[in-house]
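Novice: Turn this into a structure:
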Amino acid sequence: MISTRWHHFILVLLVLLVPLYLPAQPTPEPTIQGETVMKSLLVKGMARSQIGEPASDVTVLLEIQDMRSRRRIGNEATKTAADGAFEFNLDKYSDVPRLGLMFTTLSRHHQGVTKISIVTHDQFPLNIDLELREGSVARGRVVDDAEKPVADAQVSAGDARAVKTDSDGNFELLGLPLAGRFLAVAAKKGYSDGSAEFSIDPDRETDGIVVRLNASAKLTGRALTPDDKPIDSGEVTVYVGTLYQRTRLKQDGTFEFVALPVNLDELTILFRTDRFLPVERKFTDEEKASRNVTLKVEWPLHFAGTVRDPEGKPRPGAGIIVGDNVKQRAIRFNADDKGEWKAGPFPMGEQMTFTATGANPSAHRASGELQFTVEEKPDEWKAQVKPWPNGCESTFSATVRGLEITMTRTDVGPGALPGTVSYTGTIDADLKAMKGTLFVPATGAKGEFTATAYNPSDSLRGVWDLRESIGRGKWIEAPVQQIVMSAPFSGTQLLDLQLAAPLKMTGVVKMEDGSPLPTGTVSLYRWNNSEIIERSAPITAGGKFTLEGLPKGVLQVFVRDEKNQPLTNPVFLRGGLDHVELHVGARPPDPMEPIRQTAK
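Specialist: Numbering: from 1, shown residues only. Alright, predicted model coming up:
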């Protein structure tokens, strides 16, 4: 008999060993209210030719971005099967809630295709269709100035994916169109870039392209202030035509190019920095021989000041125009939230005009992502821009009929436009772009808008890059201040701009028989500092009109009917006039003739 002690020992041993020989039991999936949760980030796709045939042996490259940080977090690659199918499993990116996916194809027989999708986890499994156009291959080699092959040179042409040359200098470019003229560009450290034109003929192979690279040499230099002190920041560019190399200054003001052509005759050097004016010139004979350059800047002029309203209080966000009276160009910017502004650098010896306005005098330009989502009907859309650069948030409602789109917009937050903004436009047939006009009834402001699809598809759903230009606010103009900058000056000149109160014009429009014009519009415009100022007002009972927010100076005034057709020739008047009398039809002697002659 087995003693009790041994019996107990055998029992314990069985408890420990038996589970090792039993089949493992599957761990149950987590459940929610009794349903198994199985979510895989699976992408399935199909590559086909334009006539619907499966495209096999096509390399599909996938770049993955985290849309929160807009940074690339991974790359994947696969090949299509005989039926054109391909698949990606993205489970390892399950901790990223919103993924940006860019699919790119590479094939010997098809042109490259790129498709972008922005997805969240609830949109998986994701189906992607890729339509490939027939393509061609171009072959060639890269050699140096001694006709020896150059290995590991990067070669690109058109939309073909860039490739590296092999040990014999040979390269093969895939995915080019079936016909056309192209430029093959080759580059490698230690050589100046080279290029060669070639043509693709659909009836024969494209072979024998030769790209030559010339040996390059180092170029050094430094950037100095007018008193010979080193400049510690800036960017130096050396270019010829559309080819260029760029580097940044070191803290001691020096810079270095390690691979510029030996011959510098055709090259131009350009130096830019925030505190001084750019320097752009050719190399001197001495610099060509020594391959050492000294870039010396000139003292610039800077201006700063405060924009104040007619009562002397600072005007936050006021618009400022700095005009070059000689070169007929203008710089536009806004004062900060304290009404303060800075401008420069400017060169010596040029005549500048400083003008301030109560609101931005140029068109207000903004851009943002416009996210369309389908509501109950396929032709009715909702969209949001969140936020615009100024912090304002907008909500859009849109109706699509064929290739025509109408939208309305309401704003919330800083910089919001009053009331509802109306958009009317057209959509391109390929559903990749739209454009049109916009109107703000509350202020009478008009503008234009464009939108480009960020991830083009067979519908409008997705993210669009929306840009708009719209005139904003009443025009309140400061007295023009002209300054001739000629004296040597390296500091900042203080210049305050005092705004003037806006002007108003009132009057009546009469017909040829002297009776008041019952309906229509009085509009005016003025060209000022490369900007058109427009105002309009409806004609009310008794033919009366009132135009507000006018600048000083001479204005061109028109009378238009309800169909916006002009009823008068332009009449030149000054802002701020009361009881102006305008006549439609046979025009009587104009009492404003002296003013009109002055305006001319």
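Novice: And the closest residue to Leu555 other than its chain neighbours, how far from Phe558?
Specialist: Once flanking residues are discounted, Leu555 sits nearest to Leu524: 4.6 Å by C-beta to C-beta, 6 or more residues apart in numbering. To be clear about C-beta, it is placed using only N, CA and C from the backbone, and glycine gets the same treatment. To Phe558, Leu524 is 7 Å away according to C-beta to C-beta, to the nearest Å.
Novice: Likewise for Arg246?
Specialist: 51 Å.
Novice: okay, the two: which has more neighbours?
Specialist: The residue with more neighbours, out of Arg246 and Phe558, is Phe558; 17 against 11, by other C-beta atoms under 10 Å.
Novice: Run through the bridge partners of Arg139.
Specialist: As for beta bridges, Arg139 partners with Glu172 under DSSP bridges.
Novice: tell me the contacts of it?
Specialist: Shown in contact with Arg139 (C-beta atoms under 8 Å, 6 or more residues apart in numbering): Asn170, Phe171, Glu172, Leu173, Glu205, Thr206, Asp207, Gly208, Ile209.
Novice: per-residue pLDDT, it?
Specialist: For Arg139, the model assigns a pLDDT of 93.
Novice: Also Arg222?
Specialist: Arg222 is given a pLDDT of 95.
Novice: and the helix or strand containing it, which residues are buried?
Specialist: For Arg222, the host element (DSSP states H and E) is strand 206-224. Within strand 206-224, the residues scored as buried using 16 or more other C-beta atoms under 10 Å are Thr206, Ile209, Val211, Arg212, Leu213, Ser216, Leu219, Gly221, Arg222, Ala223.
Novice: What is the lowest-pLDDT residue among those residues?
Specialist: Ser216 (74).
Novice: Quick check, that residue in contact with Pro261.
Specialist: Yes. Taking C-beta atoms under 8 Å as the definition, Ser216 is a contact partner of Pro261 at 5.7 Å.
Novice: Overlap of the contact sets of the two?
Specialist: Shared contacts of Ser216 and Pro261 (C-beta under 8 Å, 6+ apart): Ser192.
Novice: Point out where the stretch 501-600 of the chain drops to low pLDDT.
Specialist: The model of the stretch 501-600 of the chain has pLDDT under 70 over residues 501-502, 526-533, 551-553, 574-576, 585-600.
Novice: Domain parsing of this structure, as residue ranges.
Specialist: Per automatic domain parsing, the domain ranges recorded for the chain read 41-132, 136-298, 301-362+475-498, 364-470, 503-599.
Novice: quick one: contacts for the residue nearest to Leu555?
Specialist: So Leu524 contacts Met505, Glu534, Arg535, Ser536, Leu547, Leu550, Leu555, Gln556, Val557, Phe558, Leu573 (C-beta under 8 Å, 6+ apart).
Novice: Mind giving me the PyMOL command for buried ones among these?
Specialist: Buried subset of the contacts of Leu524, written as a PyMOL selection, criterion 16+ other C-beta under 10 Å:
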select buried, resi 505+535+536+547+550+555+556+557+558+573
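Novice: Narrow the contacts of Leu524 to those in strands?
Specialist: Using DSSP state E, the members of the contacts of Leu524 that fall within strands are Met505, Glu534, Arg535, Ser536, Leu547, Leu550, Leu555, Gln556, Val557, Phe558, Leu573.
Novice: The closest residue to the fifth one other than its chain neighbours: what's it in contact with?
Specialist: Leaving aside its chain neighbours, Leu547 sits nearest to Met505 (4.5 Å; criterion: C-beta to C-beta, 6+ apart). When contacts are counted by C-beta under 8 Å, 6+ apart, Met505 touches Leu524, Thr546, Leu547, Leu550, Leu573, Gly575, Gly576, Leu577, Asp578, Val580.
Novice: And the first one, how far from Ser216?
Specialist: Separation of Leu524 from Ser216 (C-beta to C-beta) stands at 61 Å.
Novice: Pull the most distant pair out of the contacts of Met505.
Specialist: Maximum pairwise distance among those (C-beta to C-beta): 15.3 Å, between Leu524 and Asp578.
Novice: What strand or helix carries Ala184?
Specialist: Going by DSSP H and E, Ala184 is part of strand 180-187.
Novice: Okay, buried residues for that strand please.
Specialist: Buried residues in strand 180-187 (16+ other C-beta under 10 Å): Phe182, Ala184, Val185, Ala186, Ala187.
Novice: So which bits of stretch 186-203 are buried?
Specialist: Neighbour counts using 16+ other C-beta under 10 Å place Ala186, Ala187, Lys188, Tyr191, Ser192, Asp193, Gly194, Ser195, Ala196, Phe198, Ile200 of stretch 186-203 among the buried residues.
Novice: Please identify the helix or strand for Arg141.
Specialist: Counting by DSSP H and E, Arg141 is part of strand 136-144.
Novice: strand partners of the helix or strand just after that strand, parallel vs antiparallel please.
Specialist: For strand 136-144, the following helix or strand on the C-terminal side (DSSP H and E) is strand 154-156. Sheet pairing here is set by DSSP bridges, and for strand 154-156 it gives strand 163-164 (antiparallel), strand 180-187 (antiparallel).
Novice: which residues sit against strand 154-156?
Specialist: Under the contact criterion C-beta under 8 Å, 6+ apart, strand 154-156 has outside partners 140, 142, 162-165, 171, 173, 184-188, 211.
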